[in-house]
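# no FASTA, just this:
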Ligand code: SF4
């Protein structure tokens, strides 16, 4: 009997795909997408504040314990994307400069 260990190349199958950010099939000059707009869906936000922990220069909690974007340029794009990915409810929508939604 042989043990078959199936190893996928991408071990992060439980992670959120990074298609828009590191698309090797695309012809993007830069690895990271330039973020044009960040929106917090207040209906989804549960105030977990993960985004604030990751990007305190961008997000803060308002008086209703909902995250708000107070400075879209308060962190580099990579950090903002990390913050969006850290949100347990995917309440943070990220768009590139052309208005394309790149996350989630
Ligand atoms: S991580 Fe998500 S749920 Fe938590 S405060 Fe930020 S937007 Fe809200």
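Yep, that arrived. From a predicted model like this one, the values you see are computed outputs, not experimental measurements. Residues are numbered from 1 along each chain as shown.

# which residues are there in the chain that come within reach of the ligand?
40, 45-51, 59, 67, 86-87, 89, 91-92 (CB under 6 Å from any ligand atom). To be clear about C-beta, it is placed using only N, CA and C from the backbone, and glycine gets the same treatment.

# From the residues you listed, list the buried ones, please.
Buried residues within these, counting neighbours by 16 or more other CB atoms under 10 Å: 40, 45, 48-51, 59, 67, 86-87, 91-92.

# Can you redo these as a markdown table, where the extra columns are pLDDT?
Shown next, in a markdown table, are those (pLDDT from 0 to 100):
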| residue | pLDDT |
| --- | --- |
| 40 | 98 |
| 45 | 98 |
| 48 | 93 |
| 49 | 95 |
| 50 | 97 |
| 51 | 98 |
| 59 | 98 |
| 67 | 98 |
| 86 | 97 |
| 87 | 98 |
| 91 | 98 |
| 92 | 98 |
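
# now, which of the residues you listed sits nearest residue 78?
Taking CB to CB as the measure, residue 78 sits nearest to residue 86 out of these, at 12.6 Å.

# which residues does the closest one contact?
Applying CB atoms under 8 Å, 6 or more residues apart in numbering to residue 86 gives the contacts 50-51, 53-54.

# Residue 42 too?
Counting by CB under 8 Å, 6+ apart, residue 42 has contacts 64, 66, 91.

# pLDDT score assigned to it?
Per-residue confidence (pLDDT) for residue 42: 97.

# And residue 6, by the same measure?
Predicted confidence (pLDDT) for residue 6: 50.
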